[in-house]
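kindly generate the corresponding structure for this input.
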Amino acid sequence: MPSLLWVNHFAVGPGEGGGTRHFELGRELARRGWGVTVAASDLNLHTRRYARRAGPGDRRPIDEAIEGVRFRWLWAAPYERNDWRRARNWLSFSFRVWRLPRSERPDVVIGSSPHLFAALAAERLAARWGLPFVFEVRDLWPETLSAAGGRRSPGYVALEKIAWRLYRRASRIVVLARGSADYLAERGVPREKLVHVPNGVDVSAFGAIQRPPRPTLTLVYTGAHGPLNGLDAVLDAAERLRDRADLRFLLVGDGPAKAALVADAERRGLANVEFRASVPKQAMPALLAEADAGLMVLRDVPLFSFGVSPNKLFDYLGAGLPVVCNVPGEVAEMVRDAGAGEQAADASGAALADAIVRLAAHAADERARMGERGRAWVAGEHDRPVLADRLDGMLRSLVADRAAG
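Next up, the predicted model:
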């Protein structure tokens, strides 16, 4: 049985809120004969609370088996705000990855890049053990820093050097967005290293969702409430549409901008907006059954036109929801190819409101057909078993090459 160590600081299991990419792909790989260990921190990215230990004084690694995937929960330093303590959180987790004992030695190591320090620790671990290393590019660094308003500081330059070290040392580079592959190839990363394994959805988990006719069209957003998620545009759209009794907005999730968004909605008196806490992946089908359309929104940032593969979009499509999208480029192309929604002209609240009005103008049966088309498209292109087959083939070739060499 070949074995895999997959390092992602922010991976979660199906019983928690957040992206379950690594659990779902790991489960599919386990079904294909892999021994899969996911190294992650149990300090939840959004709640900033430990899920499996009493507090920061408990620093032991905690093992948990979930549907054939072994999670090794590593300690990371606590933090509340995005200050120097967040960097300490990143580095403390990465140090524990680097210190994993040789008894954990697999056949191949994947390092994921929600931040680069964990991926760097995975690369150094693979080098120490003489194993193939795969770099999974979830966020492009330091480009993501620029998207958040950062400048070309010494920290920016340091992140750039780390990223290029990882590009050079990796046997393969998994990209989640096709545009990221083009972007890296144009900058000198060998095209033959790049493998496209996007985010996706376990379509079977949604079953056949029935949506009875109802007088109010509910538009749902699920995911992070951060400064780059563009939820201020949703509030702007809700304010413009406040007199439409047939429209309501449901925002589900957590993040650093949520408190300010809730306060802003209250200040504006937006009775058509409801906020809820994040839900675990297991509860997502029931949540999306309450909705009639999904909101795929991000802030207007050039990077997002080619460098994102949003989980929420695939969840919406898997649940048979039509989508209102304000993200240009690759994400807009997916919605168009699926024939599953309306595209806003730009990232403004006015343009989003216009797109929502266009969607609402469709008869209920036409919106249902949009959802059916989207579900069929995502099942063919982004179902977890489809993506796992691609990942399985790439990983087995690396293990075989190492054995032959």
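
show me what the helix ranked longest in the chain is packed against.
Identified as the longest helix of the chain according to DSSP state H is helix 384-404. Helix 384-404 is packed against helix 21-31, strand 108-112, strand 133-137, strand 172-175, strand 194-196, with contacts defined by 3 or more C-beta pairs under 8 Å, 6 or more residues apart in numbering; DSSP states H and E. All C-beta spots, glycine's among them, are computed from the backbone N, C-alpha and C.

note down every partner strand of the second one and its orientation.
Put plainly, it is strand 108-112. Based on DSSP bridges, the strands next to strand 108-112 in the sheet, each with its direction, are strand 3-7 (parallel), strand 133-137 (parallel).

before we move on, the earlier item: can I get the helices and strands packed on helix 384-404 in TSV including distance to residue 262 and mean neighbour count?
Output for those, formatted as TSV (distance: least, C-beta to C-beta, whole Å; neighbours: other C-beta atoms under 10 Å):
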stretch	distance to residue 262	mean neighbour count
helix 21-31	28	22
strand 108-112	31	27
strand 133-137	33	26
strand 172-175	35	23
strand 194-196	37	17
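
make TSV out of the ones you listed and add mean pLDDT.
Listed next are the helices and strands packed on helix 384-404 as TSV, based on pLDDT from 0 to 100:
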stretch	mean pLDDT
helix 21-31	97
strand 108-112	98
strand 133-137	98
strand 172-175	98
strand 194-196	97
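
where does pLDDT dip in the protein?
Of all residues in the chain, those with pLDDT under 70 make up the ranges 147-151.

hang on, residue 39 in a strand?
Yes - using DSSP: H, G, I helix; E, B strand; the rest coil, the secondary structure at residue 39 is a strand.

hmm, it is touching residue 72, no?
Yes - counting by C-beta atoms under 8 Å, residue 39 does reach residue 72; the two are 5.0 Å apart.

now for the two: what residues contact both?
Counting by C-beta atoms under 8 Å, 6 or more residues apart in numbering, the shared contacts of residue 39 and residue 72 are residue 100.

quick one, helices of the protein?
Under DSSP H, the chain gives helices at 21-31, 84-98, 116-129, 143-147, 154-169, 178-186, 231-240, 258-268, 284-289, 311-318, 330-338, 349-361, 364-381, 384-404.

list the buried ones in the fifth one?
Counting neighbours by 16 or more other C-beta atoms under 10 Å, one finds that the buried residues in helix 154-169 are 156, 159, 160, 162, 163, 165, 166, 167.

got the contact list for it?
When contacts are defined by C-beta under 8 Å, 6+ apart, helix 154-169 is touched by residues 111, 113, 116-117, 119-120, 123, 127, 133, 135, 140-142, 145-146, 150, 173, 184, 189, 193.

please list only the buried members of these.
Burial by neighbour count, 16+ other C-beta under 10 Å: within the contacts of helix 154-169 this picks out 111, 113, 116-117, 119-120, 123, 133, 135, 140-142, 145-146, 173, 184, 189, 193.

export only the CA atoms of the longest helix of the chain, formatted as PDB.
The C-alpha atoms that make up helix 384-404 are tabulated as PDB, following Å, rounded to 0.1, in the frame of the first residue of the first chain:
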ATOM      1  CA  ARG A 384     -14.400  14.200  -6.100                       C
ATOM      2  CA  PRO A 385     -13.900  10.700  -7.600                       C
ATOM      3  CA  VAL A 386     -13.000  12.300 -11.000                       C
ATOM      4  CA  LEU A 387     -10.400  14.500  -9.400                       C
ATOM      5  CA  ALA A 388      -9.100  11.700  -7.200                       C
ATOM      6  CA  ASP A 389      -8.400   9.600 -10.300                       C
ATOM      7  CA  ARG A 390      -6.200  12.400 -11.700                       C
ATOM      8  CA  LEU A 391      -4.400  12.800  -8.400                       C
ATOM      9  CA  ASP A 392      -4.000   9.100  -7.900                       C
ATOM     10  CA  GLY A 393      -2.400   8.600 -11.300                       C
ATOM     11  CA  MET A 394       0.100  11.400 -10.800                       C
ATOM     12  CA  LEU A 395       1.100  10.200  -7.300                       C
ATOM     13  CA  ARG A 396       1.600   6.600  -8.400                       C
ATOM     14  CA  SER A 397       3.800   7.700 -11.200                       C
ATOM     15  CA  LEU A 398       6.000   9.500  -8.700                       C
ATOM     16  CA  VAL A 399       6.200   6.500  -6.500                       C
ATOM     17  CA  ALA A 400       7.000   4.300  -9.500                       C
ATOM     18  CA  ASP A 401       9.700   6.600 -10.700                       C
ATOM     19  CA  ARG A 402      11.400   6.700  -7.400                       C
ATOM     20  CA  ALA A 403      11.300   2.900  -7.100                       C
ATOM     21  CA  ALA A 404      12.800   2.600 -10.600                       C
END
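
what sits up against it?
Applying C-beta under 8 Å, 6+ apart, the set of residues contacting helix 384-404 is 2, 4, 24-25, 28-29, 32, 34, 107-108, 131-132, 134, 171-172, 174, 195-198, 200-203, 380.

ditto for stretch 365-376
Stretch 365-376 is touched from outside by 203, 206, 211, 292-293, 316-323, 335, 338-341, 359, 362, with contacts defined as C-beta under 8 Å, 6+ apart.

residues in contact with the closest residue to residue 378 other than its chain neighbours?
Once flanking residues are discounted, residue 378 sits nearest to residue 317: 3.9 Å by C-beta to C-beta, 6 or more residues apart in numbering. Residues near residue 317 by C-beta under 8 Å, 6+ apart: 201, 294, 323, 338, 340, 371, 374, 375, 377, 378, 382.

likewise residue 35?
Remark: with contacts taken as C-beta under 8 Å, 6+ apart, residue 35 is in contact with 1, 2, 3, 4, 70, 106.

okay, and the beta partners of it?
According to DSSP bridges, residue 3 are recorded as the beta-bridge partners of residue 35.
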